[in-house]
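Enquirer: sharing a model that was predicted from the sequence below.
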Amino acid sequence: MANPPLKGIISYPVTPFDAVTGEVDLSALRSLTGDLVAAGSHAVAPLGSTGESAYLTETEWDAVCETTLDTVAGQVPTLVGVSHWSTEGTVRRARVAARHGATAIMVLPQVYWKLTEDELVRHYSEVARATDLPMMLYNNPGTSGVDLRPETVVALARKIPNLTMVKESSGEVSRFRAIRELSDGELSVYNGSNPVALDAFRAGAAGWCTAAPCLVPQRVLELHTAVIGGHDDRADALLQELLPFLRFIVHHGLPRAVKAGLEIRNRPAGPPRPPLLPLPPNETVRLREMLTHLLPGQLPPSAA
């Protein structure tokens with residue numbers, strides 16, 4: 001696409017839960033979403049794996065979708081993760097997102113049984129027909145257990161006109177260029193693997209889908225500005241500084257790590273929802289050390 005609806009830093013908020021009741025904390029969600037917009041995020045993407053969408057009831061999912069989109073209020077584009085185990089559930093969520101003004105929707109093949117090619121085509125086609133929104137296919141073999149290779153992705157897109165974007169999270173940098181070349185430049189590709197952010201942009205990725213701005217927004221935005229501006233030495237230096245942090249939050253699971261980081265920053269978002277457990281205390285200490293380095297003078301004193 002010549003003008004993809006999303007580009008740059010696409011920020012993924014966690015879904016806050018009340019630490020006592022365990023219910024979705026919509027007030028904290030509004031605050032977090034507002035902070036992401038104010039920090040300069042180029043787009044906001046609720047209800048991905050970072051947002052623990054798999055652990056929400058449908059009523060909760062709807063409330064998070066509506067609250068996030070109302071808070072963004074069109075200031076930047078929005079990408080709503082609408083994935084569900086069933087096609088019917090994914091279609092329902094896509095329609096809710098469209099009703100509340102989403103810019104685009106994202107669909108992960110969230111499956112128990114591995115889908116055949118015909119089943120993938122039917123699933124994505126029915127979701128695409130549910131709205132007129134552009135759709136992003138999300139390939140994340142680490143969470144879905146399904147790896148959609150570039151050839152499969154492009155074949156699907158050729159059958160589904162509004163499947164115009166791909167979020168590639170396998171960590172294989174060669175796939176960014178492969179998808180663009182196989183689709184003759186028609187598919188916009190986005191990086192979902194934090195550690196390869198710089199290589200992805202240099203391989204033609206239109207954007208970086210990341211939860212890192214919840215904790216270090218300015219560092220992430222600085223990296224994007226440097227690479228887009230051709231300041232390669234500055235971009236390389238920024239990535240090297242960020243890499244331990246980026247690898248840490250991915251390794252420990254984004255909801256756990258980001259929520260621990262928000263607590264460190266005195267912006268609590270509650271614990272992750274069971275079966276997930278909070279980040280262990282010793283790892284929280286490590287995370288504080290990383291954030292102290294990345295955010296000098298900005299952290300409140302430790303309660304310990």
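Expert: Cool, the structure landed.
Enquirer: surely Thr249 touches Thr210?
Expert: One thing to correct before we go on: residue 249 is Ile, not Thr. No: with contact defined as C-beta atoms under 8 Å, Ile249 does not count as touching Thr210 (9.3 Å). (C-beta placed from N, C-alpha, C; glycine too.)
Enquirer: so what's Ala94 up against?
Expert: Ala94 sits next to 82, 105, 107, 127, 130-131, 133 when contact means C-beta atoms under 8 Å, 6 or more residues apart in numbering.
Enquirer: give me the phi and psi for it.
Expert: phi -60, psi -40 (degrees, to the nearest 10).
Enquirer: confidence-wise, which helix or strand of the protein is lowest on average?
Expert: The weakest-scoring helix or strand in the chain, judged by mean pLDDT, DSSP states H and E, is helix 141-144 (a mean of 75).
Enquirer: chain center to it: distance?
Expert: Chain-centre distance of helix 141-144: 14 Å, with C-alpha atoms, centre = their mean, to the nearest Å.
Enquirer: what comes up buried for the helix or strand just after that helix?
Expert: With elements assigned by DSSP states H and E, the helix or strand that comes after helix 141-144 is helix 150-159. By neighbour count on 16 or more other C-beta atoms under 10 Å, the buried set for helix 150-159 is 150, 153-157.
Enquirer: which among those gets closest to Thr15?
Expert: Val153 (27.6 Å; C-beta to C-beta).
Enquirer: that closest one against Arg180, yeah?
Expert: No: between Val153 and Arg180 there is no contact, the gap being 11.0 Å when judged by C-beta under 8 Å.
Enquirer: how about the buried residues of helix 150-159 in CSV, adding distance to Leu294 and pLDDT?
Expert: Shown next, in CSV, are the buried residues of helix 150-159 (distance: C-beta to C-beta, whole Å; pLDDT from 0 to 100):
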residue, distance to Leu294, pLDDT
Pro150, 34, 96
Val153, 34, 95
Val154, 38, 96
Ala155, 41, 95
Leu156, 38, 95
Ala157, 37, 95
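Enquirer: related to what we said a few turns ago, name the residues contacting each of Ile249 and Thr210.
Expert: Asn194.
Enquirer: where does pLDDT dip in the protein?
Expert: Applying pLDDT under 70 to the chain flags residues 1-3, 303-304.
Enquirer: hmm, try it at 80
Expert: Applying pLDDT under 80 to the chain flags residues 1-4, 110-112, 142-146, 302-304.
Enquirer: and the helices in it?
Expert: Using DSSP state H, the helices of the chain run over 26-39, 58-72, 87-99, 117-130, 141-144, 150-159, 174-182, 197-202, 217-228, 232-251, 254-264, 281-294.
Enquirer: quick check: end-to-end length of stretch 129-138?
Expert: 18 Å (C-alpha to C-alpha, to the nearest Å).
Enquirer: residues contacting the nearest residue to Ala19 once chain neighbours are set aside?
Expert: Nearest non-adjacent residue to Ala19, counting by C-beta to C-beta, 6 or more residues apart in numbering: Gly270, 4.7 Å away. Counting by C-beta under 8 Å, 6+ apart, Gly270 touches 16-19, 22, 25, 28, 259.
Enquirer: same check on Pro278?
Expert: With contact taken as C-beta under 8 Å, 6+ apart, Pro278 is in contact with 256, 259-260, 271-272.
Enquirer: go again with 7 Å.
Expert: Each residue near Pro278 by C-beta atoms under 7 Å, 6 or more residues apart in numbering is listed here: 256, 260, 271-272.
Enquirer: ok, now Asp25?
Expert: Residues near Asp25 by C-beta under 7 Å, 6+ apart: 16-18, 270.
Enquirer: so who does Ala205 touch?
Expert: 176, 189-191.
Enquirer: Ser193 versus that one, what's the distance?
Expert: Distance, Ala205 to Ser193, using C-beta to C-beta, to the nearest Å: 10 Å.
Enquirer: any idea what the nearest residue to Leu36 once chain neighbours are set aside is bridged to?
Expert: Nearest non-adjacent residue to Leu36, counting by C-beta to C-beta, 6+ apart: Ser11, 4.5 Å away. Beta bridges link Ser11 to Val44, Thr210, judged by DSSP bridges.
Enquirer: perfect, that will be all.
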